[in-house]
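Visitor: mind looking at a prediction? Sequence and model below.
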Amino acid sequence: MTSREERTQDATGSSTGAIFQSASPEERAEAAEAFASPSAATNAQDDDRVRAEIDALSDDEKALLTELRAMFDPPSDPDEETADARKEQAERAKEIIEAIRMDVDFPALPYGETFLSGAICHSLDMVKMLLEKGADVNKENEMMNQTALDQLLEEEDCEGSLSNDKKEMKRLLLSKGATTAEQRWNEVASSIRREGEKNNKSDNDDEDSDKSNE
């Protein structure tokens, strides 16, 4: 386990602890169930939304979406795909997104992967295009709860470094406010603690008010 993964694990534990410290017994039971399968309910809702939105497309729009999805499939022979070909695909992807007026955060790729995460393995041009179209840099994939930045950091951990294009992807994502999994979990923990302190203060104020009225 890398030091980054250890920090993320610590942040996840801190968030879980904050939930259980500030919750009632009933809320703790609900939280335990949620953490057993943290994204199951959300994923089911997203799956239903994806199906509904795809069903609402015309046949021509469905064909365009299928063409767009295929661009994010792993190439059969990566060595045969040139930089110019990937740039052309990024331009074609932009045309399709505009033609079907698609939300670029729409989780239409397999396993709920975002287009931005898929673009990490495609090209810098695809990443730039999606960011220009307003892709949410902190949108997580449904299966692994990872963002595009998380994927880059994981690759950097495993490989020891990133290619120049991927270094630029990382720079762009950070410039748009991308956060790490560790940061997101720490923010969850802080938010829960703030809410708990707020509720405790409200309860204490109510008790003081009751005493003054006796």
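Guide: Yep, it's here.

Visitor: could you use CA atoms for every contact and neighbour count after this?
Guide: Will do.

Visitor: burial of the residue lying closest to Pro107 once chain neighbours are set aside, as a residue count?
Guide: Leaving aside its sequence neighbours, Pro107 sits nearest to Thr114 (CA to CA, 6 or more residues apart in numbering; 5.1 Å). Thr114 has 25 neighbours, counted by other CA atoms under 10 Å.

Visitor: what confidence value was assigned to Thr114?
Guide: Note for Thr114: predicted pLDDT of 91.

Visitor: contacting residues around it?
Guide: 105-108, 139-141 (CA atoms under 8 Å, 6 or more residues apart in numbering).

Visitor: now do the helices in the protein.
Guide: For the chain, the helices defined by DSSP state H cover 3-22, 25-36, 40-55, 59-70, 83-99, 115-120, 124-132, 148-159, 164-175, 181-213.

Visitor: any idea which of those helices scores lowest on pLDDT?
Guide: Across the helices of the chain, helix 25-36 has the smallest mean pLDDT, namely a mean of 55.

Visitor: circling back: tabulate the contacts of Thr114 (TSV), appending distance to Thr147.
Guide: Listed next are the contacts of Thr114 as TSV, based on distance: CA to CA, whole Å:
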residue	distance to Thr147
Asp105	12
Phe106	14
Pro107	12
Ala108	15
Lys139	6
Glu140	5
Asn141	6
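
Visitor: is it possible to get CSV of those residues that adds distance to Glu155 and neighbour count?
Guide: Below are the contacts of Thr114 laid out as CSV (distance: CA to CA, whole Å; neighbours: other CA atoms under 10 Å):
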residue, distance to Glu155, neighbour count
Asp105, 22, 18
Phe106, 24, 17
Pro107, 22, 21
Ala108, 23, 21
Lys139, 18, 19
Glu140, 17, 22
Asn141, 16, 21
